Each structure stands twice: as structure tokens, then as C-alpha cells.
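[1] Please work out how this folds:
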Amino acid sequence: MNFRVAGIGELLWDRFPDCDRLGGAPANFAFHAGQLGATARIVSRLGRDADGDRLIESLAQRKLATEFIQRDASHPTGVVRVEIKEGQPAYVIESPSAWDYLELTDELKKLASTLDAVCSGTLAQRNSVSQRTIQEFVRLCPKKALRLFDINLRQNFFTRETIEFGLSHATALKLNGDELRRVAALFGWPSTGRETLTTIFKIFPLEWIAVTLGAEGCEIHTRDKIVRARAPKITCVDAVGAGDAFSAALVTGLLSHLPLETIAEQANRVGAYVASQSGAMPSLPKEIITP
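    Here you go, the predicted structure:
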């Protein structure tokens, strides 16, 4: 496998009560996609500050490329304050952050044109500057590229228009059960899960929709098929980054043209392992990496 993939959007410190850990959904996605065999890049923006310097050093220690991470002298490196309650994270996302001001450079345009897959979400589009950059980056990807819209609804940092763009330009959608209900309510669609998914497929040019269901596992839907897989039983330490790891396995599996049943099981295993560890970027053991 030598697929070129990128996660574009927020890169930040997850600030837990006892320590800081690398975070940001697109960064988590890129890290795990790299562990699963892809050539992965993070596209984001950090402050020209001590937090940004530490973050670059931490990425280098994990052998993550940083050439598409911009530095900003006017805005601070992003921070999300995280509290874990019964294994589930609660977030306070600081604003503004450097990743709100991601600029579309010639280097980013060139990168977009070479990708096999891109992952984007809603949070990093809360500011019009980064929103324009992310949306144009997605448009510039090759037509054959897999475009994953990992919706990641956080607090109130999303709009109907942002979600509509994501759904209109994606080939794959990933969301959890709660996000599916929130999207249905926002658009006034039927509120049962199956009816909502049917409506989404009717309106938007998606090929796959993956719904994560926590300890229940996941479903992967196409226009004519549903694949379900149960999650392995684990002790959840914290769920930060588990969904992003799931997305990485989903994308690398789809790019490899694996059977959907295999992809669902592998994505569950990868996501569950991350949930069983502290932080969003644990190293995956070999037995987890191999489908």
C-alpha cells in the first residue's frame, strides 16, 4: 500500500487535567492512517509559540511529516480542554486558534492534486478563512480520490451550510448515532436512522456511510447493502481519538478494496484499541494493524 492521504483541519493540544496530549481529528486520522500503511500528511496551522514548538517536536518523535503545517504569528496554537467522565470525553474548545486561519497556498494546492484520499470535518470550518481553504482543498482533489467527511459535531461549531457542503462533496461519510440524529433534526429529515440514511443517499452523491455505535460496533451502508460488525469487548480508558482511528481504518480499507465486512471488523478493532488506551495517538500493535 502506498496511498497518499491527508487530514485537513485542526491540530492542537488535548489538555487533560494531568497532561497535554497531541490531538485534533484530522491529525489523529493521519497518524493512524500512517500506522496502517498509508503515506499520510497533516494539513493545519499552529501558533508561532511554545505550544506550537512542542507540538512540532512531538509530531517529529512520532515520525509524522510537518511540511504542510503552517505557523501563525498572530494566533495561538489550538487547545482543547478535556475531561473524562466514565470513559467519555467532554470538550471545551478554545477560540480563536491558529488552525482557524489556515491559508490555501500553492503547496497545498499541489498536495491536494496528488491525493488518493482526504479527510475533513466541520470543526475547523468554524472560521470563514479556514472554511474557504478546506472547501477549496477538497474541490482540488482528483475526481477519483476518496473524500471522507468525518462530521465530528463539536459544541455549536457547525452550520447547516458546512454540513451540506461536506455531504455534497464527499464519497464517504462517517458519523455516530447521536450525530445522525442531530443532522436529521437540523435538516428536518425523518428521525429514524434507516430513513435518515435513505434520505441522505437520495440527495447526496455518497457511496458509503459508516455509522459508529460505540460498544455496539458499527454499520457500513451502501445504496444497496448494510454491513454490521460488533465491537470487541474492551475496558474503555478514554474514547478520545477512537472515532478518528476508525476513520483511518475505514479509508485505508476502502482504498485497498477490501470486503466491507473486513473493513468494518478492522475499523472496530482499531477504534476499540485506541479507546482502551490513554490519548488519541497510541501506537497500534501488529496484530491490530493486519486486517
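[2] Helices of the stretch 1-150 of the chain, residue ranges please.
    25-35, 50-61, 106-113, 128-140 (DSSP state H, counting those that start in this stretch).
[3] wait, which of the ones you listed is closest to residue 71?
    Residue 71 lies closest to helix 50-61 among the helices of the stretch 1-150 of the chain, at 6.4 Å (CB to CB). In short, each C-beta sits where N, CA and C put it, glycine included.
[4] Can you give the contact residues for the closest one?
    11-13, 20, 22, 42, 46, 66, 69, 71, 76-77, 79, 98 (CB atoms under 8 Å, 6 or more residues apart in numbering).
[5] Repeat the analysis, applying 10 Å as the threshold.
    11-13, 15, 20-24, 27, 30-31, 42, 44-47, 49, 64-66, 69, 71-72, 76-79, 98, 281 (CB atoms under 10 Å, 6 or more residues apart in numbering).
[6] what about burial for those residues, which qualify?
    Among the contacts of helix 50-61, those classed as buried by 16 or more other CB atoms under 10 Å are 11-13, 15, 20-24, 27, 30-31, 42, 44-47, 49, 64, 69, 72, 76-79, 98, 281.
[7] Angles on the backbone of the spatially closest residue to residue 275 that is not a sequence neighbour, please.
    Computed as CB to CB, 6 or more residues apart in numbering, the closest residue to residue 275 that is not its neighbour in sequence is residue 242, at 4.0 Å. When read as degrees, to the nearest 10, the backbone of residue 242 gives phi -60, psi -40.
[8] from what I can see residue 242 touches residue 278, true?
    No: when contacts are counted by CB atoms under 10 Å, residue 242 is not listed as touching residue 278 (11.9 Å).
[9] More neighbours: the two, which one.
    Between residue 242 and residue 278, residue 242 has the larger neighbour count (other CB atoms under 10 Å), namely 25 against 14.
[10] Which secondary structure elements does the helix or strand of the chain with the lowest mean pLDDT sit against?
    Across the helices and strands of the chain, mean pLDDT, DSSP states H and E gives its lowest value to strand 88-93, namely a mean of 80. For strand 88-93, the elements it packs on are strand 12-15, strand 78-85, judged by 3 or more CB pairs under 10 Å, 6 or more residues apart in numbering; DSSP states H and E.
[11] Next, count neighbours for the nearest residue to residue 244 once chain neighbours are set aside.
    Of all residues not flanking residue 244 in the chain, residue 28 sits nearest, at 3.5 Å (CB to CB, 6+ apart). For residue 28, the neighbour count with other CB under 10 Å is 30.
[12] ok, now which ones touch residue 28?
    Contacts of residue 28 by CB under 10 Å, 6+ apart are 7, 10-11, 14, 22, 42, 119, 150, 240-245, 247-248, 274, 279-281.
[13] Can you show me the strands along the stretch 101-250 of the chain?
    For the stretch 101-250 of the chain, strands defined by DSSP state E, counting those that start in this stretch occupy the ranges 117-120, 146-150, 172-176, 208-212, 218-221, 226-229.
[14] Deepest in the core, which of these is it.
    With neighbours taken as mean count of other CB atoms under 10 Å, those reach their highest mean count in strand 117-120, at a mean of 29.
[15] Quick check: neighbours of that one in the sheet, parallel or antiparallel?
    Under the criterion DSSP bridges, strand 117-120 sits next to strand 4-8 (parallel), strand 146-150 (parallel) in its sheet.
[16] now the angle from the last one to strand 172-176?
    Okay, so that is strand 146-150. Per axes from the mean of the first three to the mean of the last three CA atoms, to 10 degrees, the angle that strand 146-150 makes with strand 172-176 is 20 degrees.
[17] same thing with the first one?
    Interaxial angle of strand 4-8 relative to strand 172-176 (the same axes, to 10 degrees): 50 degrees.
[18] Any idea how far strand 4-8 is from the middle of the chain?
    10 Å (CA atoms, centre = their mean, to the nearest Å).
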